[in-house]
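# Predicted model and sequence follow; I will ask about them next.
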Amino acid sequence: MWRRVASLSSALESDLMQAATCGAGAWQRAFSSTQVEVEGFERKSHPFVAFVLGGPGSGKGTQCMKIVETFGFTHLSAGDLLRKEIASNSENGSMILDTIKEGKIVPSEVTVRLIQAAMEAGRNDRFLIDGFPRSEENRAAYERVIGAEPDMVLFFDCPENEMVKRVLSRNEGRVDDNMDTVKKRLRVFSELNLPVIEHYSIKGKLRKIDGTGSADEIFERVRSAVFAALREREER
Ligand SMILES: Nc1ncnc2c1ncn2[C@@H]1O[C@H](COP(=O)(O)OP(=O)(O)OP(=O)(O)O)[C@@H](O)[C@H]1O
Ligand SMILES: O=c1ccn([C@@H]2O[C@H](COP(=O)(O)O)[C@@H](O)[C@H]2O)c(=O)[nH]1
Ligand SMILES: [Mg+2]
C-alpha cells in the first residue's frame, strides 16, 4: 500500500503559509524542501500533476477515486470546484451555474484560480486534475499561472453511446445530466477538448486508456499507465 505523507516539517508549513498568500507559482516553491521515499518512489521537490480528460461520463471521476486509493494522489475535479462555488453563493455562482446548464466552459481565470487555491491547500505532491483543461485557452492559462506543464495526461476514450448511457443513469441530481445538455457537452468536448488532447499527444505526455468494460478492468489499464509515468518521472 502507498503511505500518505502524514506530517510536514515546520519549514514546509511556513512555506505553505507563504504559498497561500503569495499566489502564482508559490505552491511549487512550497514543496522545495520535501523529498520523501514512498514505496520505492522518491517524492521529488516538484509536484507530480496528472490531467484527467475524457468526454462526459467517460469515467474520469470513478477512476480518479481508484488512483487516489492506490497511489495517494489528491483529486481535484474542476467541475466539483465549480459546483462548490455555486453552492457557496460566491459572486461568480450564477454565471457558473448558467454556463454549466448550457454545457459551456467557464472563463479560464475563474477555474485556474480555484485549481491553484486547491493545490496550495492540498498538502500533497501528487495531484489529479479531473476535467481540466477543457480548451486550448484553459491550457494556456493554467501553464501561464502555475508555471508548469502536467507530467502526464490520462485520456479515457469511450464511445459516445456508452457515455450518454452512463450520464443519463448517474442519478446524482446534476443540472447538466439531461439529454439536451449532454449533446452540448459532447459537442464542446469534440470541438474544444480534443485539440488539448492532441496537443499533449504530440508532446508525448498522453496516456490513452480504453474506457470501456467494468471500472475494475479499466483501472488495471490505468494502474499500469500511472505506475509507468511515476517511474519515468523518478528516472528523470
Ligand atoms: N466502467 C464503467 N461502467 C459502467 N458505469 C460506469 C463505469 N465507470 C463509471 N460508471 C458510472 O458512469 C457514471 C459516470 O461516471 P463518472 O462520473 O466517473 O464520469 P466522468 O467522466 O467523471 O463524468 P463527467 O465528465 O460528467 O463528470 C457514474 O454513474 C459512474 O458510476
Ligand atoms: O474546467 C472546467 C470544468 C468544468 N466546467 C463546467 O462544468 C461542467 C461539468 O464538468 P464535469 O467535469 O463534467 O464535472 C462542464 O460541462 C462545464 O460546463 C468548466 O467550465 N471548466
Ligand atoms: Mg466527473
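In hand now; what should we look at? Fair warning: this is a prediction, and the values are worked out from it, not measured in the lab. Ligands and ions are numbered 1, 2, ... in the order given.
# Can stretch 160-171 be said to contact ligand 1?
Yes. Counting by Cβ under 6 Å from any ligand atom, ligand 1 has neighbours in stretch 160-171: Arg166, Val167, Arg170. Heads up, the C-betas are built off the backbone N, CA and C, glycines and all.
# err, stretch 181-188, not the other one
No. Stretch 181-188 is not in contact with ligand 1 by Cβ under 6 Å from any ligand atom; minimum separation 7.3 Å.
# So for that stretch, what gets flagged as buried?
Within stretch 181-188, the residues that count as buried by 16 or more other Cβ atoms under 10 Å are Thr181, Val182, Arg185, Leu186, Val188.
# Test my guess that the fourth one contacts Pro56.
Yes. Counting by Cβ atoms under 8 Å, Pro56 is a contact partner of Leu186 at 6.6 Å.
# Overlap of the contact sets of these two?
Residues touching both Leu186 and Pro56 by Cβ atoms under 8 Å, 6 or more residues apart in numbering: Met163.
# quick one: the residue lying closest to Gly122 once chain neighbours are set aside from Tyr200, how far?
Counting by Cβ to Cβ, 6 or more residues apart in numbering, Gly122 lies nearest to Thr74, which is 4.5 Å off, once chain neighbours are set aside. Computed as Cβ to Cβ, to the nearest Å, the Thr74 to Tyr200 distance reads 21 Å.
# Same check on Asn92?
With Cβ to Cβ as the criterion, Asn92 and Tyr200 are 28 Å apart.
# The two: who's more crowded?
Per other Cβ atoms under 10 Å, whichever of Asn92 and Tyr200 has more neighbours is Tyr200, with 20 against 17.
# Can you point out the helix or strand that includes the more buried one?
helix 194-202 (DSSP states H and E).
# With Ile129 instead?
Ile129 belongs to strand 126-130, assigned by DSSP H and E.
# Check whether the lengthiest helix in the chain comes near ligand 1.
As assigned by DSSP state H, the longest helix anywhere in the chain is helix 215-235. Yes. Helix 215-235 lies within reach of ligand 1 by Cβ under 6 Å from any ligand atom, at Ala215, Ile218.
# Can you list the buried residues in that helix?
Ile218, Phe219, Arg221, Val222, Ala225, Val226, Ala229, Leu230.
# Spit out the contact partners of the residue lying closest to the fifth one once chain neighbours are set aside.
Among residues not flanking Ala225 along the chain, Arg207 sits closest, at 4.1 Å (Cβ to Cβ, 6+ apart). Shown in contact with Arg207 (Cβ under 8 Å, 6+ apart): Met152, Val153, Leu154, Phe155, Ala225, Ala228, Ala229.
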